[in-house]
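Undergrad: this is a predicted model, with the sequence first.
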2 protein chains.
Amino acid sequence: MNESLLQRRYRVIGKNAPLFYDQPLELVRGEGVWLYDSDGKRYLDVYNNVPSCGHCHPHVVEALAKQAATLNIHTRYLHENVVAYLERLTALFDDSLSMGMLTCTGSEANELALRMARHASGNQGIIVTDGAYHGNTEAVGELGTGFMPESAMTQRVIGVPAPDSYRGLPGVAAADLAGAYAQRVQQAIDTFAERGIGTAGILICPEFANEGLLYAPEGFLEDAVARVRAAGGLYIADEVQGGFGRTGEHWWSHQAYAAVPDIVVMGKPMGNGHPLAGLVARGELVESFSEWAMYFNTFAGNPVSSAVGMAVLDVLENENLLANAVSTGAYVANGLRALQEKHELIGDVRQKGMFFGLELVTDREQKTPAGDIANDIINAMCRRGVLISRIGEHGNILKMRPPMPFYPEHADLLLAALDDCLAEVQL
Amino acid sequence: MNESLLQRRYRVIGKNAPLFYDQPLELVRGEGVWLYDSDGKRYLDVYNNVPSCGHCHPHVVEALAKQAATLNIHTRYLHENVVAYLERLTALFDDSLSMGMLTCTGSEANELALRMARHASGNQGIIVTDGAYHGNTEAVGELGTGFMPESAMTQRVIGVPAPDSYRGLPGVAAADLAGAYAQRVQQAIDTFAERGIGTAGILICPEFANEGLLYAPEGFLEDAVARVRAAGGLYIADEVQGGFGRTGEHWWSHQAYAAVPDIVVMGKPMGNGHPLAGLVARGELVESFSEWAMYFNTFAGNPVSSAVGMAVLDVLENENLLANAVSTGAYVANGLRALQEKHELIGDVRQKGMFFGLELVTDREQKTPAGDIANDIINAMCRRGVLISRIGEHGNILKMRPPMPFYPEHADLLLAALDDCLAEVQL
């Protein structure tokens, strides 16, 4: 199946462009939380957060089509849409985050955040958590400690262990974990001082999503940010995965903590699949950066993208999708905990709104990562018509992050499939 | 007029985000080569190359709307569109340029090209022409010699004078110009060798568009590329402005020269305003890079963007817009040369297909740049309902680059308005 399309793809894109699953899927249609392949088979999408409002949401598609038929032009002319969108967007943040800059991708937004933080601080050093992914440009690639090639070539990025209440740090008691993780941030600050480049900021995903949807020990984030600020650096929250209500309780995952960022980066779900990303920041940072850098982006903030961005906010609000992330999120989490009682393989269940992590281990005491089994399970789930993926240093954490209109009826399908697949692999 | 929208924009975007014209225009509608402001006034668009098929072209809008209502998903699943689009796109290039990688913006595409060239060559040094603009990320910003802040901080980019048959180099005879410019490329290669970083490539816009739509002395480009290749570097052609048939005679501006690039970067007109960009390259470069970098771009190459890209190619082909760039382009150039006979201010007329540069000088002998006058003229043209801009180191070169369905009837309006405005400023 699809042999020919796959071969054609190899010829023009190459064999190293990533594809999901042992048998790649050819998808042809999407609607809500459902995807359909070229054989008409239906899949429950429990992976894709980009189509946050649901695949092909009619309100978003209509906004896109209508504005594209009216005018699509750059921001060197005035247009109502980009202004109205940024007014509406900044209103969802702390008052200090008063201005925005739009881009087309999260990589571009993180580029801007890095340039802005380095310009504002006069320093170069950026602290990140190991195992996080922030994008694919050279400077942003430096942030992918341990797996992006540029990260091995730079002296201006230091990775610290991601704060992990499940695994902790060797020889550190649970009560001391927050301080121990914050101490690693301090060591990075000290190293940048020794290198003579100073600390420009800490850039983190407050959901610690790619690291495994980790629960950070209480107090760590505030402690780390305080240390970075004392060194003259900025706090940059990467909300590319955690933003736009994914966590349910808040619009932005950083709002679960007391510390208010200086810059917040957004992406993936912002346009429900349309290339739309950006940042909000303290106004003086935007003004000072824009004067220094003469920043302009040909496509970003155009009337079509801005109309799409507004339509996404409409849907999230009108369909009460944040409240649903809380209620259905809790429903799924309960189901996952019930599976944990039944399946030894589940070492830890983690949930933040409509985002779920299931850490698989072959030994609960030793917490031995079950990466190969996780791979078997996501492929088995796919054959069963449920799309999920895996994350974490060892690839042993099931990543489940469906479109937001995901309701208990869908959760029941997910939980039943997981139950079956977990039973299968343990035979 | 628009005081309130402008003030609102200042509050959420800041005062330093660039705006055209002394009195910024609020545009609300576009169709073909026409734009309409909020008072219903009509403007002939002789500036925007992004809406290459014409503003809001119905075929492109329909492709966008239809695919957006069907499926929009990333390239980790198989989809016909991205494969079909890249097959069609690579067929427009030399056979050696057999693979493509899609991005959302030209900046992202140039980032990829830089990472690819540095990885493939094992060297770091990149040669660019002064006055060119290639994008807004940190690494790409380094290429903006003389005006992007990062360009002043780097040792791995050297700017050489853009080859300019009109102004030349001091003390160099016209017959020796090509060699003299190529010698500057050699000096850059030698400097990179001295710095111990080697030459990774030369990255140029073969139209020399931002530099002033310059005519390069014959033989320069081939000589420069040969020298770079002898040093182990690659030839990267930035076709963000010159591509997609803008020059009329060819699909790509580099095809006016004998040298075939190793990497070709594309952007702006690729999606008629939809965020779509990318590169094509020698297959082995793409394979080797993708393996090394684990490159993935969430939005790029999605079925919607790919459908839009194909629709743009449809329009360019079905409406014979390359042939029109040749014929109407020549018609405009004739008109501009007639204006040159009448107006002392016009020092040089340059045309490449549907792209026009008019170099304004206060003294034809001294070639004294008339930057302020050029600014007066673009504002006067705007009041008269014709949109153009200016480029070049001194901002004295009128830049005219309309959507491709620009016909003699539109050219007559442009030429009449220019005639009037040139007469006005000389009074």
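TA: That came through, no problem. Numbers count the residues shown, from 1 in each chain, chains lettered A, B, ... in the order given.
Undergrad: show residues contacting the helix ranked longest in chain A.
TA: Across chain A, the longest stretch assigned as helix under DSSP state H is helix A:321-342. For helix A:321-342, the external contacting residues (CB atoms under 8 Å, 6 or more residues apart in numbering or on different chains) are A:52-53, A:245-249, A:251, A:315-316, A:346, A:349, A:351-356, A:358, A:400, A:404-408, A:411-412, A:414-415, A:418-419, A:422. The C-beta positions use only the backbone N, C-alpha and C, and glycine is treated the same way.
Undergrad: going on from it, what's the next piece of helix or strand?
TA: strand A:346-351 (DSSP states H and E).
Undergrad: other residues contacting that next one?
TA: Contacts for strand A:346-351 (CB under 8 Å, 6+ apart): A:166, A:212-215, A:329-330, A:332-333, A:336-337, A:339-340, A:356-361, A:364, A:367, A:422.
Undergrad: tell me the buried residues within those residues.
TA: A:166, A:212-215, A:329, A:332-333, A:336, A:339-340, A:356-361, A:367, A:422 (16 or more other CB atoms under 10 Å in any protein chain shown).
Undergrad: of the contacts of helix A:321-342, just the buried ones, ChimeraX syntax please.
TA: To isolate the buried members of the contacts of helix A:321-342 in ChimeraX, using 16+ other CB under 10 Å:
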select /A:52,53,245,246,247,248,251,315,316,346,349,351,352,353,354,355,356,358,400,404,405,406,411,414,415,418,422
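Undergrad: so which of the contacts of helix A:321-342 sit within helices?
TA: Going by DSSP H, the helices hold A:315, A:316, A:408, A:411, A:412, A:414, A:415, A:418, A:419, A:422 from those.
Undergrad: quick one: the nearest residue to the last one once chain neighbours are set aside and chain B, what's the gap?
TA: So that's residue A:422. Counting by CB to CB, 6 or more residues apart in numbering or on different chains, residue A:422 lies nearest to residue A:343, which is 4.4 Å off, once chain neighbours are set aside. Residue A:343 is 27 Å from chain B, where distance means CB to the nearest CB, to the nearest Å.
Undergrad: what residue lies at the spatial centre of chain A?
TA: Centroid check for chain A by CA atoms, centre = their mean gives residue A:241 as the closest residue, at 2.0 Å.
Undergrad: returning to that earlier point: let me have the ones in helices among the contacts of helix A:321-342 in JSON lines, adding pLDDT as columns.
TA: What follows is the ones in helices among the contacts of helix A:321-342, written out as JSON lines (pLDDT from 0 to 100):
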{"residue": "A:315", "pLDDT": "98"}
{"residue": "A:316", "pLDDT": "98"}
{"residue": "A:408", "pLDDT": "98"}
{"residue": "A:411", "pLDDT": "98"}
{"residue": "A:412", "pLDDT": "98"}
{"residue": "A:414", "pLDDT": "98"}
{"residue": "A:415", "pLDDT": "98"}
{"residue": "A:418", "pLDDT": "98"}
{"residue": "A:419", "pLDDT": "98"}
{"residue": "A:422", "pLDDT": "97"}
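Undergrad: residue B:307: which of those residues is nearest?
TA: Nearest to residue B:307 among these: residue A:315, at 22.8 Å, using CB to CB.
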